[in-house]
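**Q** I would like the atomic coordinates for the input below:
(chains A and B)
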Amino acid sequence: MTTLIKNGIAYINNRFSRKDILLKNGKIQRIAQTINLDKVDQIIDTSGKYVFPGFVDIHTHLRDPGQTYKEDIASGTRAAAHGGFTTLCAMPNTEPVVDNIASVDYVQRRAKDLGSARVFVIGAITKKSEGLEISEMATMKSGGIVAVSDDGNCVQNAKLMLNCMRYATNFGLPLIIHAEDYNLSGKGQINGGKVATKLGLTGISPLAEEVIVARDIMLAENCGAQLHIAHISTARSIELIREAKERGVKVTCEVTPHHLLLTEEACLNFDTNTKMKPPLRTEKDRQACVKALKEGIIDCIATDHAPHADFEKAREFDQAPFGIIGLETAFPVLYHYLVKPGYLSLERLVEALTSAPVKILNLPESALKTGNPADLTIIDLGAETIFTPESILSKSKNTPWLNQTVSSKVLYTFLEGRQTWKAE
Amino acid sequence: MESTPQFVGRSLYDLDDYSSDEIMYILEAAKGMKEINLREYKKIPTLRGKTVCTLFVEDSTRTRMSFELAASRLSADVVSFQATVSSLKKGESLQDTVNTLNAMGIDLYCIRHSSPGSPQLVHKYSGKPVINGGDGRHAHPTQALLDIFSIWERLGNLKGLKITIVGDILNSRVVRSDLIGMTKLGMEVTVCGPRTLMPANMEQIYGCKVEYDLAEALKDADIVMGLRMQLERMTEGLFPSLEEYSRHYVLSKETIKYAKKDALIMHPGPMNRGIEILPEIADSAQSIIVEQVANGVAVRMALMFLILGGKL
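**A** Got it, this is the predicted structure:
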């Protein structure tokens, strides 16, 4: 199968230029000013459209095994393709938890058989992510995991966390942490601030995140672990990371689209699709996130795609589960609300969705380069996308952007030269 | 008296949805209702054929009785849903519960629930007007209306009056609704309690004063309101003992001296006598605590009358 993508504006080496791109045998065979071939299976004219390397999400909940009514590997990777993603890292908080090599094998095999995206597996830090005993990280590493994380949970015992870090480091595994001190977060529902007071909802203090960020930076500094902090949400957390980076600590972090775009004010109408962990914070925190992303203090964007079924989210606010989906909305909402009005460059957005996450977890490069796997997405920045329950391919529809229209539209996604998404 | 289109079919989630004129209109209507409650035959036929459902997912005998009496006195049919003996106990969702009730032809829901925002949810699933009878720590607008009504009736006006509310501000839905309503009508509100029981950003949100010292808080108060102090807050590490709380924040003959002479004494009930308030104050001539309860029925009658489009 050969595909020739003509006249697109291609993102190459952090710059845009008009190129023709030839995909053959799953690889990018040629990139040139002009390629003219008679014998190709498909020619896509992309005049005025953008060609990006496939996006990479290092924080996805595929819910498979165990909660396939919310999502499964087939639907989750289809949603990924719809959003321009070609590579995902699956979080291990499934049922059962991916804390052993058999579970790692299951996810990898299913993804290979059914997947519309490449899936890398993240193993648990502790057995069942209970925060009590170290998981068999080394065995899982030999099975292919790219990092360890107890995401959704947080190891509360500092001594155990230090040991987990030392052990993971021994086998060259980065640790991804969900920073949350349970005593401080308690039964909190939304950010501990003005809106929580007004709505009478229990608040989650920013301190719940910040004290663990501070703790784990100190632990990682002590033992030389590679620490990646998931879904950063507060201005103070960012300051802690900035200082640590200046000291040379091996720490990176990610931010979600929703923490870049929304604040606690979004919770005012009790929409359970504004309920997630960490919670939406204040405008000051949001602006700090955007600034830090621009400056590179925040390394990359990750979706924290967290599907929940309608009937679960249609509950009373404090009884609904935490989390929202993100794979299909990520690029369009970020382009619409950050890039188009000029708060963030398109180059930085694409970098934060491609080369930056790859670097953190040492994944195969996602770049438009001859010889690389033909992973790419074609986006029309001039078109529009509306997110409806029908248009969303994820099994779950829990997004605060439901029924909203934003600029830009993912037209095609290719995974190893195979078309995984095509807009109608 | 007659309802006006602006009220018909409208829900009451909290007082911020209602203008000061609208609140005053409700109070005027409540005045008329109170007169009915003083008659020998306390019943008028205005809501005959309408059905009111009290949907109480959180226990409350007093508020439920108040709503049910209000509906009965207007001749509406009343059905009572209590979570403790119902399908919700068996794991049915609120959505399914409301769908089921709605199929039976409910015209108005009065809901009490421990989850903030649940009245909005009941409206979403039923399409019917909903009166919030208390949702978690969020709001209790009928209590606020009856509080305001009680003050207005006694003192004749509201603007410029100073009220001090003392106690567990953090966990009180009454305070949140009182603050919205009272400040809207020009009253000056001071809230007082220990820092651990005081939520963040109170001044910014409500334009009230925050004091941690009782004597300071009571200065020049025209009205003093105590709040129920709940024992379970101790286990949450918010204060050490009821005795120590009482020593610093009890409303007594001695502490009430800091307020204006003859300041009105209020309490939303149920009271913990001897903890947040002493009997010498609760039962004094200054106290309007019992009147508050009577006014509650009148205010709820007025709301149902207006929302269901009654005519007198």
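**Q** pLDDT value on whichever residue of the stretch 301-424 of chain A sits closest to chain B, please?
**A** Across the stretch 301-424 of chain A, no residue is closer to chain B than residue A:316, which sits at 3.4 Å (Cβ to the nearest Cβ). Any C-beta I mention is one placed from the backbone N, CA and C, and that applies to glycine too. Residue A:316 carries a pLDDT value of 95.
**Q** now it, nearest residue through space, not along the chain?
**A** The shortest distance from residue A:316 to any residue other than its chain neighbours is 3.4 Å, reached at residue B:115 (Cβ to Cβ, 6 or more residues apart in numbering or on different chains).
**Q** What is the burial count for the one you found?
**A** Counted with other Cβ atoms under 10 Å in any protein chain shown, the burial measure for residue B:115 works out to 23 neighbours.
**Q** again with residue A:119
**A** Each residue near residue A:119 was counted by other Cβ under 10 Å, and the total is 23.
**Q** if I read this right, it contacts residue A:90, doesn't it?
**A** Yes. Taking Cβ atoms under 8 Å as the contact criterion, residue A:119 and residue A:90 are neighbours in contact, 5.5 Å apart.
**Q** Return every residue with contacts to both of those two.
**A** Taking Cβ atoms under 8 Å, 6 or more residues apart in numbering or on different chains as the criterion, residue A:119 and residue A:90 both touch A:62, A:107, A:111.
**Q** So which residues on the stretch 301-424 of chain A come close to chain B?
**A** A:311, A:314, A:315, A:316, A:317, A:318, A:319 (Cβ under 8 Å from any Cβ of the partner chain).
**Q** And the helices in the stretch 1-150 of chain A?
**A** For the stretch 1-150 of chain A, the helices defined by DSSP state H, counting those that start in this stretch occupy A:73-82, A:101-114, A:137-142.
**Q** Determine the set of other helices and strands touching the last one.
**A** Going back to what we said before, that points to helix A:137-142. When contacts are defined as 3 or more Cβ pairs under 8 Å, 6 or more residues apart in numbering or on different chains; DSSP states H and E, helix A:137-142 packs onto helix A:101-114, strand A:118-123, helix A:158-170.
**Q** Run the chain-centre distance for that helix.
**A** Taking the mean of its C-alpha atoms, helix A:137-142 sits 23 Å from the chain's own mean (Cα atoms, centre = their mean, to the nearest Å).
**Q** cool, and the second one?
**A** Distance, stretch centre to chain centre, for helix A:101-114: 20 Å (Cα atoms, centre = their mean).
**Q** Can you mark which positions in that helix are buried?
**A** The neighbour-count criterion (16 or more other Cβ atoms under 10 Å in any protein chain shown) identifies A:101, A:103, A:104, A:106, A:107, A:108, A:110, A:111, A:114 as the buried residues of helix A:101-114.
**Q** Which single helix of chain A contains the most residues?
**A** Looking only at chain A and at elements set by DSSP state H, the helix with the highest residue count is helix A:206-223.
**Q** After that one, which helix or strand is next?
**A** Scanning the chain past helix A:206-223 towards its C-terminal end, the next helix or strand to appear is strand A:227-229 (assignment: DSSP states H and E).
**Q** For chain B, tell me whether the helix or strand that that following strand is followed by is touching it.
**A** From strand A:227-229 onward toward the C-terminus, using DSSP H and E, the following helix or strand is helix A:235-247. No. Using Cβ under 8 Å from any Cβ, helix A:235-247 stays clear of chain B, with a minimum separation of 15.6 Å.
**Q** Quick one: mean pLDDT over helix A:235-247.
**A** 98.
**Q** Measure how the next helix or strand after that helix sits relative to helix A:206-223, angle-wise.
**A** On the C-terminal side of helix A:235-247, the nearest following helix or strand under DSSP H and E is strand A:251-255. For strand A:251-255 against helix A:206-223, the angle between stretch directions is 150 degrees (axes from the mean of the first three to the mean of the last three Cα atoms, to 10 degrees).
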